[in-house]
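**Q** Dropping a prediction and its sequence here:
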Amino acid sequence: MFGIKRSGTVRRGDLPDESAATDEGSEYIAYPLAMKRLRERLGAKPEEVAAWVFWGEMPGGLVAYTNANELDPPPKFGFSDTEGDDYVSPLMACWFRRGDIEAFEPDERYITGRVLIERWGQHPDIDPRAFVLAKIRESRLLDLHPGWGRTRPTWLVQESSDPLESGLFALSHVKEIEAEDFGIGTPPVPDAKPADHLNHDPVLQAKANAIAQDMLKKNRRSFVTRDRVAGILAPKENMDVGTVKRRIRKQW
């Protein structure tokens, strides 16, 4: 609690051991001030910030830390699957580099499943939840959940809690579906992104990369193919091999 000054900003020298910064000239700000600036600059909402924090050091991500007021260097923050549906409350413990917050420009914007269901529920003759699930199964919509990676309906796990509403969905994917399936809005610009960008699943990709790295320890690089990796990963995820192949890229 000591050393927190200037509306949540901690600067080098505020603490007796000067532990508020890890690099010369850097400083950290607590979640409330970081959220305030992201809301002012980008119109961001907490759920959207959770998506950016989930990606962390990956492109389009935002790195968060914990205990920046007392540890040097502060540990990086990571979501836990023990939080249940709630991935906003864990952000309360986060600190951010001021420079990161001021310079951050997201590659993607996100809306919650609850907002998406309400949005598509305005169209007549549409069951919005069923339509969302259909687009996920077509690999045209990625359901992100910072705590679990994906939402439970994707895994087909039978539990009393159904977090599809708390999932996060890329707004660019939503708008492309609206243009192509509903005839609403401007169709996406051809070749603006890789042809398979909608199919790519970064969560599944990380698991594929881990399998590939294990295989490389015992085999030549030419042996490690997307087909072989997908063949190992698909049963673990209870998915079809072809679906896994569409959602991962060879990045090893």
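**A** Looks like it arrived, so ask away.
**Q** Check what pLDDT Ile117 gets.
**A** Here the pLDDT value assigned to Ile117 is 94.
**Q** pretty sure it contacts Ser166?
**A** No - look at Ile117 against Ser166 with CB atoms under 8 Å: they stay out of range, at 11.1 Å. From N, CA and C alone the C-beta is placed, and that goes for glycine too.
**Q** Which one of the two is surrounded by more residues?
**A** The neighbour comparison of Ile117 against Ser166 (other CB atoms under 10 Å) goes to Ser166, with 22 against 16.
**Q** Give the rounded mean pLDDT of stretch 164-171.
**A** 90.
**Q** now it: how far from the chain's centre is it?
**A** 10 Å (CA atoms, centre = their mean, to the nearest Å).
**Q** what do you get for stretch 68-80?
**A** On CA atoms, centre = their mean, the centre of stretch 68-80 falls 19 Å from that of its chain.
**Q** So for it, what gets flagged as buried?
**A** For stretch 68-80, the neighbour count (16 or more other CB atoms under 10 Å) marks Ala68, Asn69, Glu70, Pro74, Phe77, Phe79 as buried.
**Q** Can I get that stretch in PDB, CA atoms only?
**A** Output of stretch 68-80 as PDB, limited to C-alpha atoms (Å, rounded to 0.1, in the frame of the first residue of the first chain):
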ATOM      1  CA  ALA A  68       4.700  -3.200  -9.500                       C
ATOM      2  CA  ASN A  69       4.500  -1.000  -6.400                       C
ATOM      3  CA  GLU A  70       6.800  -3.400  -4.500                       C
ATOM      4  CA  LEU A  71       8.700  -5.800  -6.800                       C
ATOM      5  CA  ASP A  72      11.500  -5.000  -9.200                       C
ATOM      6  CA  PRO A  73      11.100  -6.400 -11.700                       C
ATOM      7  CA  PRO A  74       7.300  -7.000 -11.300                       C
ATOM      8  CA  PRO A  75       6.000 -10.400 -12.500                       C
ATOM      9  CA  LYS A  76       3.900 -10.500 -15.600                       C
ATOM     10  CA  PHE A  77       0.200 -11.100 -15.100                       C
ATOM     11  CA  GLY A  78      -1.600 -14.100 -16.500                       C
ATOM     12  CA  PHE A  79      -5.200 -15.200 -16.300                       C
ATOM     13  CA  SER A  80      -6.100 -18.300 -14.300                       C
END
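**Q** Start at 58, not 1
**A** Got it, first residue is 58 now, which makes that one stretch 125-137.
**Q** hmm, who's touching the helix ranked longest in the chain?
**A** Longest helix in the chain, counting residues (DSSP state H): helix 259-273. Outside helix 259-273, the residues that touch it by CB atoms under 8 Å, 6 or more residues apart in numbering are 112, 115, 201, 206-207, 280-281, 285-287, 289-290, 293-294, 301, 304-306, 308-309.
**Q** How far off centre is it?
**A** 17 Å.
**Q** With stretch 261-278 instead?
**A** 22 Å.
**Q** still on that earlier bit, so for the longest helix of the chain, mean pLDDT?
**A** On average, helix 259-273 scores 83.
**Q** In it, which residues are buried?
**A** Buried-residue list, helix 259-273, by 16+ other CB under 10 Å: Pro259, Val260, Leu261, Lys264, Ala265, Asn266, Ile268, Ala269, Met272.
**Q** after that helix comes which helix or strand?
**A** Per DSSP states H and E, helix 259-273 leads on to helix 283-294 as the next helix or strand towards the C-terminus.
**Q** now that next one and helix 259-273, what's the angle there?
**A** 120 degrees (axes from the mean of the first three to the mean of the last three CA atoms, to 10 degrees).
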